[in-house]
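Engineer: Next one to model:
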Amino acid sequence: MSSGQAEGRKQHNEGKKITAEFFRYDNGTKPVRDWLLGELSGEERKLVGGDIATVEFEWPVGPPLVKKVGEFWEVRTILERGWARVLFIVEDGRMILVHGVIKKSKKISRDDMGVARERLRLLRS
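Structural biologist: You can find the predicted model right below:
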């Protein structure tokens, strides 16, 4: 399996306390970006993106928007069809987005935590 990296936009960072970056596999795939574009409607992307931007500009942020989940932080956005969850870590002034999922329940699954942990392992290898 390939290792991972973080990649974000270098523009529009003025005033941000941390800068969101997507986890990226060596082959260039950005799974959280792909999830945002493929699984969410335009309106849902605006809501999730707005919440991520809030975290960037107002870090540290607590509940209900951000919650600590194991070794990750989680941005929680309420959508009509459930909760959008974006798991991230904070490292060197960066908010590295490692996994995104929509859940009906308030708890994230072991499988989703496993995906996030594997991406974190690749990021740090």
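Engineer: Now for residue 16, how many residues are close by?
Structural biologist: Using other Cβ atoms under 10 Å, residue 16 is surrounded by 16 other residues. No exception for glycine: its C-beta is placed from N, CA and C like everyone else's.
Engineer: Tell me who's in contact with it.
Structural biologist: By Cβ atoms under 8 Å, 6 or more residues apart in numbering, residue 16 lies in contact with 56, 57.
Engineer: how close does it sit to residue 57?
Structural biologist: Separation of residue 16 from residue 57 (Cβ to Cβ, to the nearest Å) stands at 6 Å.
Engineer: in the chain, which spans are helices?
Structural biologist: 31-39, 42-58, 110-124 (DSSP state H).
Engineer: ok, the closest residue to residue 83 other than its chain neighbours to residue 61 distance?
Structural biologist: Leaving aside its chain neighbours, residue 83 sits nearest to residue 103 (5.1 Å; criterion: Cβ to Cβ, 6 or more residues apart in numbering). Distance, residue 103 to residue 61, by Cβ to Cβ: 20 Å.
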